[in-house]
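*Asks:* Sharing a sequence plus its predicted fold:
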Protein chains: 4
Amino acid sequence: MLIVIEPNTDENKLAKLSELLIENNAEFKEVNFLNEKIFILFSSKKEELAEKVLKFGFVKKVLTIKSPFRLSSREFKAENSKIIVGGVVIGGSEPVIMSGPCSVESEEQIWEIAREVASKGADILRGGVYKPRTSPYSFQGFGVQAAKWLAEAGRYYKLPVVSEVMEISDITELYDYVDIFQIGARNMQNFKLLKELGKAEKPVLLKRGNSATLNEFLMSAEYILCEGNSNVILCERGIRTFVEYTRNTFDLNIIPTIKELSHLPIVIDASHATGRSELVKPVTLAGLTAGADGFIVEVHPRPSEAFSDGEQSLNFSEFSQLIEDWKLLKGPVLTIRNKKTAGKNLHA
Amino acid sequence: MLIVIEPNTDENKLAKLSELLIENNAEFKEVNFLNEKIFILFSSKKEELAEKVLKFGFVKKVLTIKSPFRLSSREFKAENSKIIVGGVVIGGSEPVIMSGPCSVESEEQIWEIAREVASKGADILRGGVYKPRTSPYSFQGFGVQAAKWLAEAGRYYKLPVVSEVMEISDITELYDYVDIFQIGARNMQNFKLLKELGKAEKPVLLKRGNSATLNEFLMSAEYILCEGNSNVILCERGIRTFVEYTRNTFDLNIIPTIKELSHLPIVIDASHATGRSELVKPVTLAGLTAGADGFIVEVHPRPSEAFSDGEQSLNFSEFSQLIEDWKLLKGPVLTIRNKKTAGKNLHA
Amino acid sequence: MLIVIEPNTDENKLAKLSELLIENNAEFKEVNFLNEKIFILFSSKKEELAEKVLKFGFVKKVLTIKSPFRLSSREFKAENSKIIVGGVVIGGSEPVIMSGPCSVESEEQIWEIAREVASKGADILRGGVYKPRTSPYSFQGFGVQAAKWLAEAGRYYKLPVVSEVMEISDITELYDYVDIFQIGARNMQNFKLLKELGKAEKPVLLKRGNSATLNEFLMSAEYILCEGNSNVILCERGIRTFVEYTRNTFDLNIIPTIKELSHLPIVIDASHATGRSELVKPVTLAGLTAGADGFIVEVHPRPSEAFSDGEQSLNFSEFSQLIEDWKLLKGPVLTIRNKKTAGKNLHA
Amino acid sequence: MLIVIEPNTDENKLAKLSELLIENNAEFKEVNFLNEKIFILFSSKKEELAEKVLKFGFVKKVLTIKSPFRLSSREFKAENSKIIVGGVVIGGSEPVIMSGPCSVESEEQIWEIAREVASKGADILRGGVYKPRTSPYSFQGFGVQAAKWLAEAGRYYKLPVVSEVMEISDITELYDYVDIFQIGARNMQNFKLLKELGKAEKPVLLKRGNSATLNEFLMSAEYILCEGNSNVILCERGIRTFVEYTRNTFDLNIIPTIKELSHLPIVIDASHATGRSELVKPVTLAGLTAGADGFIVEVHPRPSEAFSDGEQSLNFSEFSQLIEDWKLLKGPVLTIRNKKTAGKNLHA
């Protein structure tokens, strides 16, 4: 049960509500979410309190949400969430393009790539500075120094930047350089990190863990939302299956499913979802056709020399072709999406 | 190693070749494939025989294929295979539409559906008459009688028909009524059935098993091809993973991968790959965008009353919308495919 | 709903029951199972007929089974099924040892192996004569000739023999030579083959498909049982997962789960479940500890020369060690199983 | 390549080695591991330096390790690692018993459970105080307060205690109360946490992620080892597969595989690997038979009232039965393990 409070309600009045809930052994959490104060009751067994709660004049409404995720559900919020960062709208009428290298390898490299992707129409610049690597003996990223290069290149080319944080202390370290914090697949259930990002005043790009169920994925988003940060962008980047010919299996089905169950935008990362550069274009275009709100693509001027993920990075020419083909497809794809606003509306 | 023979070579000459191979302990198979006679050597260890073999004047060429599948590989045959049935081309310049009910439930039902899908532009009519069902207590299909209804409706509306065979004896029983034999996912490795269909003079629609690797999938096609039947249509219909919100996980990645490695056409079946009617349209359109040569979609006038697979069947209005949206998308999708014929060509 | 008929009931009386069921649109199947005649109603919606049915004096009892599998459920039959073949009891007080080569490669080979495994205490001799192989270019087995060698070696060493059938016509071909028909993992849902074996008067060893759920596995057993053949032995042989260091993932959990839900015996095949000979012993001993009714193990005098599955075959010395270690463990394992007959009884 | 240094080598001499490596562009890491100083070269391409390096008199030996994990490999260290904590030996001649509640729910609860498991022969007391939960609205553990209760109960009953840390700051908070730090499955690739625990002077129990490959699992151990902490205990707790009847699929195969490839001890957690209390005993006994160095089992006096994981917790009577049955089995299991010290030795 969610209890939505009238704006500008007095703290003393809220204290009365808290008292009532505590008396009734109802565990709850108070959150400021999208300009509203909301009390979230943890257990669905406490629905019987609705009547009592509604007697308080300052209670605007009481919502019962059937899904285990609440603030992230479409039951809670019917219209699509739009996340705005540096003038770019994610979850709006047009899919966004997020591009850049797997790792920021040098000042020159990130400037070279930023120039290229900006000129081709990218909206957001990505680049890893803390790299989670299976082996402790692999390149682990250049840290804050690289974040500075990334931020400067982004500022120059007017591209907001996204980079991954692996640990709570990374948030502070990267705060001044990064516009969107990324949670990598391996950290999707690093709950303390999620909570801390729930308190940060920047959007979060949450990648699906490679064996996360739909419920686990949206619940991890919920960890961020219920701390007050409504700006969560979901990302499908492939799951682990028995399949051996691609690094991961791109789960296309989750795109329309998320659009049905949640108001949060979802973007796709075909670089990780395939692990092979020659598959990035068809998979990206397919994901956009199925309703994705944007795509991430790893780009490198010379993929074979990349410090990490070279096999899945596009070179500049491949990136251009992807953008060109997407332009051919975009009109009809948007027409199909817009048509749907009449009637049952999976992409709503 | 494949040994391709000059046309019209005398049987006596071929006997000499056989002798040489036997003398050298080379196991092999003789196949008539696409108007050529080919000797396929089983073991790659016998490549040293190439020189001796080439001394025979009637040997046109000797091919070494690196992949374990041979006749189905693009190494063997660079250009896309086109399968023609009743005037419909599968694997040609335009994706084909295969539609119809999960099961043929009555004469009226199949005629009602055939009329509808024909009027909307379907190319091929599908309908199950032998139904492989998890439970022996579930509806198992109406057999030959239903095949007759299917064939008549198909003939009237000028739609070639496809239906599943589960057992060798089914081939004879359905021979007069069916234009394309389907192998269901559960029978993808029913090798004796595959061999028998390799001898049939009708195309085969081979569905991927729900946990089949790429190699296993193409090897099952190879079982059919190496008996002389070159008309195999592959079908991705979802794989089994940990994912719980859809019946199967649609493996989009396999579409461009197959186009790269094999000359055989591949179609998609989003009905089975999702198990939920509301996902069929976005997933179908995405699969076509990624390069599929056609799509299968289950249609039923009243899905909630279907004898099987009702949750994943489109009603007539949903089917119309799918076709309409595909028409919007088709132009750009074909433009993108055709562009690719210059240079590195995944969709070739 | 299962309707159990009193012994020696007149056919005319049964016709009355059939009429009643047909009048009430109840689909059903009549089966002779373990010396009883049983009418199985397909849909659980027809439970309301129970009262009417019980009015027939010749109806012994009416059973409502909650699980979708019926004759194979412990709800239907509380005590363990014992399958007796050539004096060997499967599902009895002692686990059985099934051993032999992957493929029968020659008369000498099968005699050499039969002698060895018999001398070490094997109960049943296995050997493939029809081999389902991923590639059409791999060794496919020596067929009936090999079955004769197998049968003769088995008879001499007093070991009943088990061999795989891939197709309905194989049943007739192997009938005189084989004591237990094996259904391989790839054919677990070859329903027409299952039905035909349901009519055969020999036990069936049913291997779990590599991505079969518990329900699918027991439903495939049900296909055999509901044709009247109660002698089904289940076999866990590993499932397909993301794991890459073994051929399959041995699903130990299914052993006690099957013992809880079904009365059918379950044996294990660690050769296929691991694909590596050095894992066969620990995995086999573990599976027996968890409650398995027996084990299959592939043995070859010179595994590196085997025509198939050499990497997972034990040599004679490894086989001896396995048997020796099992003898050390058997006493305590049986004590633990027997203790359990008091109280809640997973291994019952 | 690993460069092992003679004991008590002067820092100035080591500086010479560092210089040589830097001059040759060899990335490396210096670690104090088990009383030896070791230089680990990251890239295998630098093997050509071995000769030069060996010219330094203070270089004891140079090791080339083929597996990607190095300090955790059996190539590096042939004999089993024994981890000693509060008098308990993990990885020694006898498997250890780790038991306790999923969550420490109250002072009374942990004392009641500690008394019970101590009296039955448990070696180590487990109890969660920081609980990683899928939902932010689920019970998250009682934190430091609960850790104090746990520590006191453990001290009284002479049981070292193990509890999970989710975040770097948890290490300091729990340092005084916990004898073994647990890394949960969701944090197996929380690399910054792993590194920090590599610097802690307490053993670490590392649970396998639910979709971790063998390589990823041992690489996560390597993160801890290469910071100098050699006391890592691995734990198999089930993987995520398509299987639906148990919470996870227990991967028995990994036990003998780990024993072959690594010197680290591996324990099993059948509570999480099955999710169902009735499966805990057979699966635990099986895992011990296959070579596990110990087992974790969740115990609760009244499982149905547990704050978390009630369905998979044993009550006191079930725990007693498990221990009793393990005692019956232990003799033969240890005999089998000890026999193996002659010859090829999987369990060595």
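*Replies:* It's in. Numbers count the residues shown, from 1 in each chain, chains lettered A, B, ... in the order given.
*Asks:* Identify each of the strands in the stretch 201-348 of chain A and give its residue range.
*Replies:* A:204-207, A:232-236, A:266-269, A:294-298 (DSSP state E, counting those that start in this stretch).
*Asks:* Give me the helices and strands touching the third one, please.
*Replies:* Based on contacts counted as 3 or more Cβ pairs under 8 Å, 6 or more residues apart in numbering or on different chains; DSSP states H and E, the elements that strand A:266-269 packs against are strand A:232-236, helix A:254-261, helix A:277-289, strand A:294-298. Yep, even glycine has a C-beta here, placed from its N, CA and C like the rest.
*Asks:* what about 10 Å?
*Replies:* strand A:96-100, strand A:204-207, strand A:232-236, helix A:254-261, helix A:277-289, strand A:294-298 (3 or more Cβ pairs under 10 Å, 6 or more residues apart in numbering or on different chains; DSSP states H and E).
*Asks:* do the same with the last one
*Replies:* On a contact count with 3+ Cβ pairs under 10 Å, 6+ apart, strand A:294-298 meets strand A:88-90, strand A:96-100, strand A:124-126, strand A:232-236, strand A:266-269, helix A:270-274, helix A:277-289, helix A:316-339.
*Asks:* cutoff 8 Å now
*Replies:* strand A:96-100, strand A:266-269, helix A:270-274, helix A:277-289.
*Asks:* for the record, mean pLDDT for that strand?
*Replies:* For strand A:294-298, the mean per-residue pLDDT is 98.
*Asks:* partners of that strand in the sheet?
*Replies:* Paired strands of strand A:294-298, with direction, are strand A:96-100 (parallel), strand A:266-269 (parallel) (DSSP bridges).
*Asks:* In TSV, list those along with mean pLDDT and mean neighbour count.
*Replies:* As requested, the strands paired with strand A:294-298 are exported to TSV (pLDDT from 0 to 100; neighbours: other Cβ atoms under 10 Å in any protein chain shown):
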stretch	mean pLDDT	mean neighbour count
strand A:96-100	98	27
strand A:266-269	98	28
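*Asks:* export those to TSV and tack on distance to B:S72?
*Replies:* Shown next, in TSV, are these (distance: least, Cβ to Cβ, whole Å):
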stretch	distance to B:S72
strand A:96-100	36
strand A:266-269	30
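*Asks:* Please, which helix or strand holds whatever residue of the stretch 51-200 of chain A ends up closest to chain B?
*Replies:* In the stretch 51-200 of chain A, the residue found nearest to chain B is A:S67; the distance is 11.6 Å by Cβ to the nearest Cβ. Counting by DSSP states H and E, no helix or strand carries A:S67.
*Asks:* Pull the number of nearby residues for the residue nearest to A:A26 when sequence neighbours are not counted.
*Replies:* Once flanking residues are discounted, A:A26 sits nearest to A:K46: 4.4 Å by Cβ to Cβ, 6 or more residues apart in numbering or on different chains. Using other Cβ atoms under 10 Å in any protein chain shown, A:K46 is surrounded by 17 other residues.
*Asks:* what's near enough to touch A:K46?
*Replies:* A:M1, A:N24, A:A26 (Cβ atoms under 8 Å, 6 or more residues apart in numbering or on different chains).
*Asks:* tell me the contacts of A:L49?
*Replies:* So A:L49 contacts A:M1, A:L20, A:L21, A:N24, A:A26, A:L41 (Cβ under 8 Å, 6+ apart).
*Asks:* and stretch A:72-81, how far apart are its ends?
*Replies:* For stretch A:72-81, the first-to-last residue distance is 10 Å (Cα to Cα, to the nearest Å).
*Asks:* Buried residues, that stretch. List them.
*Replies:* Residues A:S72, A:S73, A:R74, A:E75, A:F76, A:K77, A:N80, A:S81 are the ones in stretch A:72-81 that count as buried (16 or more other Cβ atoms under 10 Å in any protein chain shown).
*Asks:* mind listing the helices for the stretch 1-150 of chain A?
*Replies:* A:11-23, A:50-54, A:107-120, A:143-156 (DSSP state H, counting those that start in this stretch).
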